[in-house]
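# Have a look at this fold, sequence not included:
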């Protein structure tokens, strides 16, 4: 796809990034170690416990979008809908939840399980398409068929 100078790909003029009508996107993180995203509300959560408490409060109207890790497990614990992005490191069949939409590029071979990301882990995250993530988010927000979204190839 081409990039037009002065235009952010995927951005509609007059639309605030990280916000759609009725929805605000937030990012959790600790100030000193977080790479903050532009266009989203930033919430400093110096502890995992504080992040979990916010997930619980937001549960009735929110959804979790993130990678396999502690917060995706916390979202499952409080019953929050989620779209979880998986690298080649692990597999949602082992660590995911059936109520979540799990998106993983189908790389050849078994998950590597290496503590340091390998080239296949990096490639597997790069191969997840933004459109597939947006479709999955839309399915949750509209209360649609999550199973159909789970089947979308990444």
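Cool, got the structure. Predicted model only: the values in this text are computed from it and were never measured. Residues are numbered from 1 along each chain as shown.

# mind listing the helices for this protein?
48-58, 70-77, 92-95, 119-126, 130-141, 146-150 (DSSP state H).

# now the ones you listed as JSON lines including mean pLDDT?
Shown next, in JSON lines, are these (pLDDT from 0 to 100):
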{"stretch": "helix 48-58", "mean pLDDT": "89"}
{"stretch": "helix 70-77", "mean pLDDT": "92"}
{"stretch": "helix 92-95", "mean pLDDT": "89"}
{"stretch": "helix 119-126", "mean pLDDT": "84"}
{"stretch": "helix 130-141", "mean pLDDT": "89"}
{"stretch": "helix 146-150", "mean pLDDT": "48"}
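
# And the ones you listed: which comes nearest residue 111?
Proximity of the helices of the chain to residue 111 was assessed by CB to CB; the nearest stretch is helix 92-95, lying at 7.6 Å. Any C-beta I mention is one placed from the backbone N, CA and C, and that applies to glycine too.

# Can you mark which positions in that closest one are buried?
In terms of neighbour count (16 or more other CB atoms under 10 Å), helix 92-95 has its buried residues at 92, 95.

# Off-centre distance for it?
16 Å (CA atoms, centre = their mean, to the nearest Å).

# Then stretch 26-43?
With CA atoms, centre = their mean, you get 14 Å for stretch 26-43.

# for stretch 81-88, same thing?
With CA atoms, centre = their mean, you get 6 Å for stretch 81-88.

# what does it rub up against?
Applying CB atoms under 8 Å, 6 or more residues apart in numbering, the contact partners of stretch 81-88 are 62-68, 72, 75-76, 92, 96-97, 99-105, 107, 109, 111-112, 117-118, 120-125, 128, 133, 136-137, 140, 146.
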